[in-house]
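>>> Sharing a sequence plus its predicted fold:
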Amino acid sequence: MNTLLSLLGTLRWQDVVDVLLNSYILFRFYVLFRGTVVLRVLAGIALLWVFQRLAVGMGLIVTSWAMQGIIAGAALIIIIVFRNELRNVLQAKNLRALLWGFPQQHVATPVEAIIEGVYDLARKRIGALIVLPGRENVHELIQGGVQWDGKVSKEMLLSIFWNGNPVHDGAAVLEGNRVTRVGGILPLSLRDDLPRQYGTRHRAAAGLAEQSDALVIVVSEERGRVVAAKNSRFIPIDDNLSLKRQLTEHLGAARDSSKGRLHESRKLTVAAAVCLLCMAGIWFSFARGMETLVSVEVPLEYLNRDPRMQIMSTSVNSVRLHLSGSNALISSLRPYQVKAKLDLGKAVSGVNTFTLSEENIVLPPGLWLSRIEPPEVRVALDMPINKDLPVQVDWVGTLPSGLLLESVTVTPAKITVAGAQRTLAQISTIYTEKVRLDDLAASGQLTAVLTLNGASVRLVEAGRDRVEVRYTIRRRTP
Ligand SMILES: Nc1ncnc2c1ncn2[C@@H]1O[C@H](COP(=O)(O)OP(=O)(O)OP(=O)(O)O)[C@@H](O)[C@H]1O
């Protein structure tokens with residue numbers, strides 16, 4: 001509960017857009033593919049993905065690896081195996097229907113027109129196969145045929161099944177008040193208890209009725225008889241009234257106008273809520289779920305330093321950041337995505353102490369900062385100046401007995417050094433390296449290297465780090 005509350009507290013507007021956008025895409029997938037095998041396969045893949053994440057979380061290396069492979073292959077399989085279904089869905093819809101259109105509101109099926117059509121067909125001994133789907137989508141069970149969009153009428157039915165019509169063979173599908181497909185091939189029933197006089201037309205009607213909740217009306221070409229196939233039953237239709245009873249019963253059960261609409265909108269609301277929940281879950285799993293901790297060492301970047309000031313010293317050059325986030329995000333983290341910045345805009349000359357916080361750290365979205373080490377940084381700033389310092393030879397030891405160092409001349413006698421104002425205030429002389437007096441027996445000259453007090457002081461002329469030392473030695477007068 002606490003995790004959930006802290007998560008809601010850190011929610012950014014980008015996260016809300018992220019979840020809503022993807023929920024909508026998922027919902028559109030549902031609207032377009034519901035009732036088809038494609039949606040069931042997609043649901044199966046989604047379930048596999050959930051198991052794969054669990055397997056990763058539990059450290060089951062081979063299982064998660066195998067599932068990952070299956071999921072990758074499944075995307076390809078969907079496109080290859082279900083290319084017809086995908087084409088049907090995509091071809092039948094325009095862009096508006098794909099992006100935000102909702103399934104058409106239910107339109108009542110004109111029962112009278114069907115009854116008149118069927119009886120005209122029977123009277124004229126024109127064979128016919130008419131499919132009235134129930135709640136289930138039958139298109140994936142029907143093969144071939146032609147997409148159609150005609151209003152259901154007696155004349156339309158007669159002309160579809162008229163022998164001269166190239167699509168009279170096969171079944172016509174009626175949805176609402178439209179004929180949506182003609183010449184469709186239905187799956188044949190494998191039953192062996194069908195009446196002997198029933199040929200493939202009746203077997204096709206029985207096949208579809210067995211595999212779906214559709215009502216299939218068969219008009220026999222040979223005998224001019226009408227039967228209806230529903231589930232695994234054949235219902236003889238002896239007159240208009242019994243056909244009307246079957247049709248109204250079937251259509252009423254399938255989608256009774258207002259009840260059907262209510263049922264439909266409830267179904268869509270539940271689907272939308274499920275999509276939202278799924279996406280929120282996925283987001284949670286990516287953003288916070290299966291949380292992992294990682295610590296990274298990041299160099300400190302100093303910004304907005306007064307150009308006249310110099311950083312003399314810092315307590316640290318890098319900080320260690322303890323981050324948390326999902327496994328997936330942490331394993332894809334690249335060093336350049338994390339930065340630690342310190343604003344020196346308000347820093348003054350001397351030692352400045354800064355407390356580091358989230359504001360100093362730049363992180364990619366989805367990662368959270370739990371700790372910074374060290375939490376404080378000290379930065380010493382100073383104004384650099386130049387100063388002329390007299391050079392002094394650092395003599396050590398003693399001259400051999402009887403000798404006296406009479407005079408020493410250093411060239412140049414002064415050296416200009418650069419450094420922080422505070423440091424240079426404490427330095428009055430620049431010394432050479434130690435020169436041993438014990439080795440000197442007579443007057444002469446030598447070259448001595450200058451030593452600098454501390455790294456914060458440097459020579460203005462970098463190459464001139466040596467001086468010439470001329471010395472005169474004389475014998476002590478007894
Ligand atoms: N799988 C099928 N799907 C759709 N229609 C089919 C299928 N098989 C056969 N038909 C239709 O049935 C016709 C053949 O009917 P057939 O005479 O074999 O069957 P029947 O049950 O005896 O019907 P009828 O009593 O009308 O003769 C085909 O011309 C075709 O229009």
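Arrived safely, thanks for sending. None of these values were measured; they are calculated from a predicted model. Numbering: from 1, shown residues only.

>>> use CA for all of it now, contacts and neighbours both
Will do.

>>> Can you show me the strands along the stretch 151-300 of the chain?
171-175, 178-184, 215-219, 226-230, 233-237, 291-303 (DSSP state E, counting those that start in this stretch).

>>> Pairing partners for the helix or strand where Thr472 lies, with directions?
Here Thr472 sits within strand 466-475, counting by DSSP states H and E. Within its sheet, strand 466-475 is paired with strand 403-411 (antiparallel), strand 444-449 (antiparallel), according to DSSP bridges.

>>> hey, least reliable of the strands of the stretch 151-300 of the chain by pLDDT?
Of all those, the minimum mean pLDDT falls on strand 291-303 (a mean of 87).

>>> After that strand, which helix or strand is next? Please name it.
Remark: after strand 291-303, the chain's next helix or strand is strand 310-314, criterion DSSP H and E.

>>> Next, the angle strand 291-303 makes with the helix or strand just after that next one.
Next helix or strand after strand 310-314 toward the C-terminus (DSSP H and E): strand 318-326. Angle between the axes of strand 318-326 and strand 291-303 is 140 degrees (criterion: axes from the mean of the first three to the mean of the last three CA atoms, to 10 degrees).

>>> list the helices and strands strand 318-326 packs on?
On a contact count with 3 or more CA pairs under 8 Å, 6 or more residues apart in numbering; DSSP states H and E, strand 318-326 meets helix 257-287, strand 291-303, strand 368-373.

>>> nearest residue to Pro364 other than its sequence neighbours?
Counting by CA to CA, 6 or more residues apart in numbering, Pro364 lies nearest to Gln337, which is 6.1 Å off, once chain neighbours are set aside.

>>> mind checking the backbone torsions on that neighbour?
As for Gln337, its main-chain torsions (degrees, to the nearest 10) stand at phi -80, psi -20.

>>> For it, grab the count of nearby residues.
Other residues near Gln337 number 10, with proximity taken as other CA atoms under 10 Å.

>>> before we move on, back to that, tell me the mean pLDDT over the strand holding Thr472?
93.

>>> Can you give the distance of that strand from its chain's centre?
77 Å (CA atoms, centre = their mean, to the nearest Å).

>>> which parts of that strand are buried?
Neighbour-count burial for strand 466-475 flags Arg466, Val467, Val469, Tyr471, Ile473 (criterion: 16 or more other CA atoms under 10 Å).

>>> I'd like the residues you listed written out as TSV, with distance to the ligand added.
Below are those laid out as TSV (distance: CA to the nearest ligand atom, whole Å):
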residue	distance to the ligand
Arg466	106
Val467	109
Val469	115
Tyr471	121
Ile473	127
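
>>> related to what we said a few turns ago, out of the helices and strands packed on strand 318-326, flag the one nearest Leu76.
helix 257-287 (22.4 Å; CA to CA).

>>> helices or strands up against the closest one?
helix 13-33, strand 318-326, helix 327-331.

>>> so what does the longest one touch, helix or strand wise?
Counting by 3+ CA pairs under 8 Å, 6+ apart, the packing neighbours recorded for helix 13-33 are helix 37-57, helix 95-99, helix 257-287.
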